[in-house]
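> below is the sequence, then the predicted model.
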Amino acid sequence: MAKTMNFPTYSSEEGKKHARNIVAIWFVVAVIADLIVWFVYGPHMPPGTMTDQARGAQFDIKVVSVMAVPVLLFLWTFGFYAVAKFRGGKDRAEGYYIKGNVKTQAAWYIITASLVLFLAGFGTYELVLPAGAGGGEGPSPIWRPSTNKLLQVQVIAQQWRFTYRWPQFGGMETTSINLPINTEIQFNVTSLDVIHDFWAYQLGVKADANPDSNNVAFAKTLETGRFTVRCDELCGIWHGAMFNYGHVVSQSQFLSWAQSMEAQNASVTKLLPKYATTYTPSYLGAGGGYYPAGDPNGTLN
Amino acid sequence: MAIDMSQTTGVGRGGSSEGGGLKKGPKLNAFTGVLVGALGYLFGHWMGNAIAGGYQQVVGSGQNDTAILLGFIFGTIGFFLGLGILNYPLQKMTGIEPPTDEPEQAQGMMKYFRYTLDNKVVGIQYLFGMLVYFFTAGLLAMAIRTQLLSPTNHIWGPATYLEVVGEHGTMMMMMMTSVVMGPFGNFLVPLMIGSKRVAFPRLEAAAFWFTPAAYIILLSALWQGGFQSGWTGYAPLSIQQGVGQDAYLFSFGLLGFSMICSALNMTATIINYRAPGMRWSRLPMLAWGMITVAFTMLLSVPVLIVGLYVMALDRSAQTSMLYAGHGGSSFLWENLFWFFGHPEVYLLALPGFGVVTEILPVFARKPLFAYKTSVAGMIGVAVLSFFVWQHHLFQSGMNPDMRPLFMLTTELISIPTGFLYLVGMGTMWRSRMRFDVPMLFVMAVFFNFLFGGITGVYVSDVPINVTVHGSYFVMAHFHYTIMGQLMFSVMAAIYYYTPLYFGIKLSEKLGKIHFWTMFIAFNSTFLPLFALGLLGMPRRVFEYAQRLQHLNQWVSVSAFILGLSLAFFAVTFVWQLAVSKPKSPPNPWESRGLEWQVGYPVPHGNFAKIPVILAGPYEYGDPNALPVAELSAVGAHSASVSGGDE
C-alpha cells in the first residue's frame, strides 16, 4: 500500500472511560429487561401451568431468559456503542495496534464457560426432577414419578390420527382423550406406520411415536382445561391436519366418562388385538397382528 | 490419480482447460455432458426395467425404483463422460499417456461451461452455481409463505405443499450451503497461501460438476411427484414415498461425493501448498475456516453416503434396514442422518466465521483481536460438532439417558462459538471502522447470529426442548444461524471480493439499498417465527390455528420483501457485471491480504514466482509492519524465512 497512513496515539485512560460507559449502560438496561422478563412475560411463557411438567418447563424458560437477555444486551450495547464511537473519519486513520488482551480474554473464557456449565447442570436437574420433564424417555424410563399409582394412557399414532388405549379400562380404544386432575399419568406412545410425535402443548408433553417402539412420558395434571394435541414430526401429506383436543377434568367426571366409554365400546374392544406396548401392523397377520384375522383389509396376499 | 506435486510444472499449470483430454478430441462442455447424460439415463432406466421389471413389488405398485436409480447412476456417468471429466483417469488406467501440455484455452463465457482445472474459473463456476441454487430454493420459500398467508384457504393441496417444503429445505441445505466452500475456498485459498495451484485440480473441478447434476436430479423430483419427507428424509416415511424420493437420495449422495472431493483438495492444498513463511500462525482466517470445514466434511459425509445407500437399498431391493418389523429400525436413519447432519450445520457456520474474521480487520483498520482464540474457536466448533447430533432426537425415545450428555456437549459448543464474539468485539474496540457495504454485512452477521446462538441455548435445554422441538421456534433458530449468519457472510464476501474476481466494484449506493432492505426484511421475517413456535405452531404444516394468522401474514409479507430485496441484488449484480461494469481500482479496500496483491485480472498460475511470506495479513495499525509478502522472492528476506514446504 503505497500511501501515507495516519496512526493515532494511544491513551489507556480513554479506553477505561469507554469501558465504564458500556458497562453502565448495559447494567441499567439489563436490570430493567430482566425484571420485565421475569415478572411481566414470565407468567405467560409457554407451555403454561397445567401440569407439573409444564410448570417446570416454564420455570426453565424464565431462568434461561434472565440469563440470556443480559448477554444479548451486553453485545448489543457494545455493538451500538462501537458503531457510534469507533468510526473512521475522513482522515482515514488506522486503528490501534492491539492484538489481544490477556485479562479480557481470560475473563471471557471464564464467564462464558461458567454460564454454559451452570445451564447444563440446571437443565439436567430440571430434566431429572419432574420425572423426565414431559419428554419421551424410551421404553424403560429411569426418571419416574415417585408413586406407582399411574393412569396408563397409550397413544397410538398412525397416518393421520391419534387414538388412545386405556389398559386400566379393559383395554378400550377411544378417539378422544380426557384426563383426571391431580393424577400422575404415564403416556405410552407408539406408532403403527411412520414416525409421528405426540405433542400435548399445554401439558408440556412431547414424545416421538416410533413404529415397533414404546416411548414413555410422564405428566402430573394440576389444572383443569382444554389442551391441544398435535403431531410434531413430519408424517406425510396430512401431517398438518393431525391434531385434536383433550381435556383435563375432575376425577369423578373422568371416571364416569371412562366407564361409559368402556361399556359403549365393549363390543369393539373384543375385536382389538390384546393390549401391548407396541403393535406391528401387518396385513398378513404376522408379527403383532394389529388387524384382527377377519379384517377386510387383510386380503392383499 | 497421479498428480505432479511440483508447483512449476504439471497439470494445473496456467489454468489449462482439459476438455477433450485427447489432443484432437471433440470440444466437450456442459451441453455435450447433458446430452450424453440423457442417453445414460435412458440406458440405466432400460436396464433397471430389465432387471427389476418382474419383481412382485414393482408389478404390484407400478413403481420401479431400481430403474430410476440406475437411470440416475448411468445419467451421471454419462454427464461426466460428456464433459470429459473421465478422459484423464480412463487414459491413465488404459496406459495411454494423457497430454500434459496445455490444450487450447477456451475463451470468454465458454470456459465457465467446461471442465477446467483453473482454480479461479472453478471458483466462479461455484459462485454462480451457488447463487442459482440459492435463488431456486428462495423462490420455493416464497411459495411456502404464499400458502401460509391463510390458515384455511389453500393455493395447493397438502401434497404439493410438502413437496415444495422438501425441495426448499433440500435445495438450501444440501445444494446451496454445502457448496459454500466452493466459491471462496477454490478461488481465494491458493491466492491467500501463496500457491500457484490447488493440490488436486481434477478433484476440485469434478467436485463442482457433481453439483449441476445433483441440481437437475433434485429438481426432477418435482415432476415425479416430489418427496414429502422434508430434507431430513426420516424413514419409514421416506421408504413409503414415490420415485421423487429416489431423486432426493441420489442427488444428496452426489453432493456428498462433491463435498468429499472438494474437502480432500482443500485439506491437501492448505497443508502442502503454503508458500515459504506462511506459518500456521499467519494463515488467513478464511483459510482456517476452509480447512476446519474440510476436515469436518471428510469425517461426516461418508456416514451420510452410507445412510443414503441404505435408503436406496430399502427402496429398491426391499432390504428393510430402516423400518421396523423385519429386523430394521427407524432410529437407524435418524442416527446416520444426524451424525452427518449436525456437523453439516456447523460446517455451514465455519466458512461464515472465516469470511467475517477475514473482512472485519480490513474495515476496522486493526489487527484481528486474539487470533489464536479465533482459530481455537473454529477448531473447537469443528470437533464438538461430532458430539451433539442426538440433540435432534431428545424426544425420540432413543438413548433417553444420554440426554444430559448431549445437552452438555451442545451447550459447550457455545464456548468456541462465543469466541467469535470476543474476537469481533476486541477487533471493533477503539477501531476506526469504515462502513462500506461488506462491513455492513459483517455487522449484520454479528447481529443475526446472536439470535441464532442464544436461541440455541433454549433448544439445547431438554425441558425447554419438550416445548420447542419440531416447532417454528427451531425453524426460526436455524434460519437465523444459516441465513442470518452464512448468507449474510456470503453477501459480505461477494461485495468484498468482486473487485478481485471481476475487476468490478459494486455500487455502494445500490449495495446499501440491498443491505438495508435485506437486513430489515430478514429480521422481520424470522423474529416472529420464534413467537409462532412458542405459541405452538409445528413445522411443515399447511394448515395452522386461526389465532396465528396475523403473525403468519406479517411473516409472509416480510418474506416477500426479503425476496424482492434479493431479486434487487440479483438484477443489480448481473447488471453491473455484464452491462455497466464499474471498474474497480486494485485493492479498493486497502487490504493487506496476499490475495489482493496479485492485481486484477489474477494471472494464470496466480504468481509469477512463489512469494515469500513476511508477516501476517492483519497487521493494521502498525507503522512498522512489513508487507505481507515479497512477491518476487529475491534478496535479503528470502534467506531468513522459515515454514511452508519449500
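Structure's in. What do you need?
> give me the element A:Phe187 is part of.
Element membership of A:Phe187 [criterion: DSSP states H and E] is strand A:184-191.
> ok, A:Arg230 next?
strand A:225-231.
> neighbouring contacts of that strand?
A:50, A:157, A:160, A:162, A:177, A:196-203, A:239, A:242-248, B:536, B:538 (C-beta atoms under 8 Å, 6 or more residues apart in numbering or on different chains). Every C-beta, even on glycine, is put in place using the N, C-alpha and C of the backbone.
> hmm, which of these are the buried ones?
Among the contacts of strand A:225-231, the ones that count as buried by 16 or more other C-beta atoms under 10 Å in any protein chain shown are A:50, A:157, A:160, A:162, A:177, A:196-203, A:239, A:242-243, A:246, A:248, B:536, B:538.
> in the chain, which helix has the most residues?
The chain I'm using is chain A. Ranked by number of residues, the top helix in chain A under DSSP state H is helix A:52-85.
> sorry, I should have been clearer: chain B.
helix B:330-364.
> which other helices and strands contact that helix?
Here helix B:330-364 touches helix B:285-316, helix B:371-384, helix B:414-428, helix B:437-460, helix B:488-502, going by 3 or more C-beta pairs under 8 Å, 6 or more residues apart in numbering or on different chains; DSSP states H and E.
> got these as JSON lines, with mean neighbour count, mean pLDDT and distance to B:Gln576 columns?
What follows is the helices and strands packed on helix B:330-364, written out as JSON lines (neighbours: other C-beta atoms under 10 Å in any protein chain shown; pLDDT from 0 to 100; distance: least, C-beta to C-beta, whole Å):
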{"stretch": "helix B:285-316", "mean neighbour count": "23", "mean pLDDT": "94", "distance to B:Gln576": "24"}
{"stretch": "helix B:371-384", "mean neighbour count": "20", "mean pLDDT": "94", "distance to B:Gln576": "33"}
{"stretch": "helix B:414-428", "mean neighbour count": "24", "mean pLDDT": "93", "distance to B:Gln576": "29"}
{"stretch": "helix B:437-460", "mean neighbour count": "23", "mean pLDDT": "94", "distance to B:Gln576": "12"}
{"stretch": "helix B:488-502", "mean neighbour count": "24", "mean pLDDT": "95", "distance to B:Gln576": "8"}
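> residues contacting residue 258?
Going with chain A. A:166, A:169, A:178.
> could you do chain B instead?
B:178-179, B:206-208, B:210-211, B:214.
> what of B:Glu344?
B:173, B:178, B:300, B:304.
> sec struct for the closest residue to chain A within the stretch 501-646 of chain B, please.
Residue of the stretch 501-646 of chain B nearest chain A, by C-beta to the nearest C-beta: B:Val541 (3.3 Å). Three-state assignment for B:Val541 (DSSP: H, G, I helix; E, B strand; the rest coil): coil.
> surely it and A:Trp238 touch.
No: counting by C-beta atoms under 8 Å, B:Val541 stays clear of A:Trp238, with 9.9 Å between them.
> the buried ones among the contacts of strand A:225-231 in strands, which ones?
Mapping these onto strands (DSSP state E) picks out A:157, A:162, A:177, A:196-200, A:243, A:246, A:248.
> least confident of those residues?
Among these, A:Phe243 carries the weakest pLDDT, at 90.
> around chain B, pick out the residues from the stretch 151-300 of chain A.
A:189, A:193-195, A:197, A:199, A:201, A:204-208, A:210-216, A:228, A:230-241, A:280-282, A:287 (C-beta under 8 Å from any C-beta of the partner chain).
> one more time with 7 Å
Within the stretch 151-300 of chain A, the positions near chain B by C-beta under 7 Å from any C-beta of the partner chain are A:194-195, A:197, A:199, A:201, A:204, A:206-208, A:210-213, A:215, A:228, A:230, A:232-241, A:280, A:287.
> tell me the buried residues within those residues.
Judged by 16+ other C-beta under 10 Å, buried ones among those: A:194-195, A:197, A:199, A:201, A:204, A:206-208, A:210-213, A:215, A:230, A:232-240, A:280.
> quick one: contacts for B:Leu440?
B:Leu440 makes contacts with B:Phe515, as judged by C-beta atoms under 7 Å, 6 or more residues apart in numbering or on different chains.
> now do it against A:Leu35, distance only.
34 Å (C-beta to C-beta, to the nearest Å).
> quick one: low-confidence residue ranges for the chain.
I went with chain A, as the question did not name one. Applying pLDDT under 70 to chain A flags residues A:1-6, A:8, A:281-301.
> sorry, should have said chain B
Across chain B (using pLDDT under 70), the flagged ranges come out as B:1-26, B:100-107, B:325, B:632-646.
> show me it divided up by domain.
B:11-101+B:110-115, B:118-580 (automatic domain parsing).
> most neighbours per residue, which of those domains?
Highest mean neighbour count among the domains of chain B (mean count of other C-beta atoms under 10 Å in any protein chain shown): domain B:118-580, with a mean of 22.
> OK, contacts around the closest residue to B:Met297 other than its chain neighbours?
Leaving aside its sequence neighbours, B:Met297 sits nearest to B:Ala263 (C-beta to C-beta, 6 or more residues apart in numbering or on different chains; 3.9 Å). Under the criterion of C-beta under 7 Å, 6+ apart, the neighbours of B:Ala263 are B:294, B:297-298.
> which one of the residues you listed is nearest B:Met398?
B:Met297 (25.3 Å; C-beta to C-beta).
> wait, doesn't that closest one sit right on B:Met259?
Yes: with contact taken as C-beta atoms under 7 Å, B:Met297 and B:Met259 are classed as touching, separated by 4.8 Å.
> overlap in contacts, those two.
Counting by C-beta under 7 Å, 6+ apart, nothing touches both B:Met297 and B:Met259.
> show me what the strand holding A:Phe187 is in contact with.
The contact list for strand A:184-191 (C-beta under 7 Å, 6+ apart) reads A:136, A:145, A:147, A:149-158, A:179, A:198, A:205, A:207, A:209-211, A:213-221, A:277-279.
> list only buried entries from those residues.
If we count by 16+ other C-beta under 10 Å, the contacts of strand A:184-191 have these buried: A:136, A:145, A:150-151, A:153-158, A:179, A:198, A:205, A:207, A:209-211, A:213-221, A:278-279.
> is it true that B:Met475 touches B:Arg539?
Yes: using C-beta under 7 Å, B:Met475 is in contact with B:Arg539, at 5.2 Å.
> next one: B:Leu500 relative to chain A, how far apart?
According to C-beta to the nearest C-beta, to the nearest Å, B:Leu500 and chain A sit 15 Å apart.
> the longest helix of chain A to strand A:184-191, inter-axis angle?
80 degrees (axes from the mean of the first three to the mean of the last three C-alpha atoms, to 10 degrees).
> how far off centre is helix A:52-85?
19 Å (C-alpha atoms, centre = their mean, to the nearest Å).
> residue ranges of the strands in chain B, please?
Using DSSP E, strands in chain B cover B:612-613, B:629-630.
> for the stretch 1-150 of chain A, same thing?
Per DSSP state E, counting those that start in this stretch, the stretch 1-150 of chain A carries strands over the ranges A:150-158.
> helices of that one, start to end?
A:12-35, A:52-85, A:102-128 (DSSP state H, counting those that start in this stretch).
> of those, which is nearest B:Leu28?
helix A:52-85 (51.5 Å).
> and the closest one, what's buried?
Applying 16+ other C-beta under 10 Å to helix A:52-85 flags A:52-79, A:81-82 as buried.
> among these, which are in reach of chain B?
Restricting the buried residues of helix A:52-85 to contacts with chain B (C-beta under 7 Å from any C-beta) yields A:56-57, A:60-61, A:64, A:68, A:71-72, A:75, A:78-79, A:82.
> partner residues bridging the closest residue to A:Leu151 other than its chain neighbours?
Among residues not flanking A:Leu151 along the chain, A:Ile185 sits closest, at 4.8 Å (C-beta to C-beta, 6+ apart). Beta-bridge partners recorded for A:Ile185 (DSSP bridges): A:Leu151, A:Ala219.
> burial of A:Ile185, as a residue count?
Residues lying near A:Ile185 (other C-beta atoms under 10 Å in any protein chain shown) number 22.
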